[in-house]
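[1] quick one: sequence plus predicted model below, questions after.
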Amino acid sequence: MKATMDITIYHNPRCGTSRKTLELIRAAGVEPTIIDYLSIPPSHALLKAMAAAAGLPVRALLRSKEAVYGELGLDDPTLSDDAMIDAMLAQPILIERPLVVTPKGVRLCRPSEKVLEILQCDTCASSVSMRSVDPSNGFADSGRCFRGSYRLIDRYADFARRVEMTLDGRASVLNPVALPVLVLSDFR
């Protein structure tokens, strides 16, 4: 069953980080609206609003690794936000990806796990987040809701190899090093 949370990802299918972010969204039980921003870039106003909502300067959405970045002189620190946005809309490859919009906020998902900050568990509506398991006691925070995590961990094979769910609902580490695991940040 897919969750009803409204999520939009500005996606480049050739980008590994964008593909991994999309996998994480789907692993949370949500099928997002996927916008191929190279074909359908956001409007000037929307791009500016997404930067503001993400708490980022417009320059943070500008992809400096592209050759066209240097060719257009976009490394000039005196460029206005509007000039940078105009360049991104003229050359959408300059838009850093992936941008994800949910009711909980906007994130530039680099690394892809940043998307977890703005997802919700479709089982109990708790927020999904990344935490590191403490190897000294082998458990993530106890008392947290893990009902949705069973399915998340099953779907995300990388975590399934390293984490097992115990009968009392805590995640225990199979490998005695600090590993990232999916947990839900809200108490239930």
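    That came in fine, so what should we check first?
[2] going forward, measure contacts and count neighbours with C-alpha atoms only.
    OK.
[3] now do stretch 95-111: everything it contacts.
    By C-alpha atoms under 8 Å, 6 or more residues apart in numbering, the residues outside stretch 95-111 that reach it are 5-12, 17-18, 21, 50, 53-54, 60-63, 88, 114-115, 118-119.
[4] restricted to helices, list those.
    With helices defined by DSSP state H, the entries of these inside them are 17-18, 21, 50, 53-54, 88.
[5] can you show me the helices along the protein?
    16-27, 44-54, 67-71, 81-90, 147-155, 157-162.
[6] TSV for those helices, including distance to residue 33 and mean neighbour count?
    What follows is these, written out as TSV (distance: least, C-alpha to C-alpha, whole Å; neighbours: other C-alpha atoms under 10 Å):
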stretch	distance to residue 33	mean neighbour count
helix 16-27	10	20
helix 44-54	16	15
helix 67-71	28	13
helix 81-90	20	17
helix 147-155	20	19
helix 157-162	24	14
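[7] with mean pLDDT and distance to residue 100 added, can I get those in JSON lines?
    Shown next, in JSON lines, are these (pLDDT from 0 to 100; distance: least, C-alpha to C-alpha, whole Å):
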{"stretch": "helix 16-27", "mean pLDDT": "95", "distance to residue 100": "9"}
{"stretch": "helix 44-54", "mean pLDDT": "96", "distance to residue 100": "9"}
{"stretch": "helix 67-71", "mean pLDDT": "96", "distance to residue 100": "23"}
{"stretch": "helix 81-90", "mean pLDDT": "97", "distance to residue 100": "17"}
{"stretch": "helix 147-155", "mean pLDDT": "38", "distance to residue 100": "19"}
{"stretch": "helix 157-162", "mean pLDDT": "40", "distance to residue 100": "22"}
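[8] contacting residues around the residue lying closest to residue 57 once chain neighbours are set aside?
    Distances taken as C-alpha to C-alpha, 6 or more residues apart in numbering place residue 51 nearest to residue 57, at 6.3 Å, with adjacent residues excluded. Taking C-alpha under 8 Å, 6+ apart, we find residue 51 in contact with 57-58, 61.
[9] can I get the buried part of those as one ChimeraX selection?
    Of the contacts of residue 51, the buried ones go into a single ChimeraX selection, burial set by 16 or more other C-alpha atoms under 10 Å:
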select :58,61
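[10] which of the contacts of residue 51 fall in strands?
    Nothing among these maps onto strands, per DSSP state E.
[11] tell me the one among the contacts of residue 51 nearest to residue 84.
    residue 58 (7.3 Å; C-alpha to C-alpha).
[12] go ahead and confirm that closest one touches residue 84.
    Yes - between residue 58 and residue 84 there is a contact under C-alpha atoms under 8 Å: 7.3 Å.
[13] what touches both of the two?
    With C-alpha under 8 Å, 6+ apart applied, the contact sets of residue 58 and residue 84 do not overlap.
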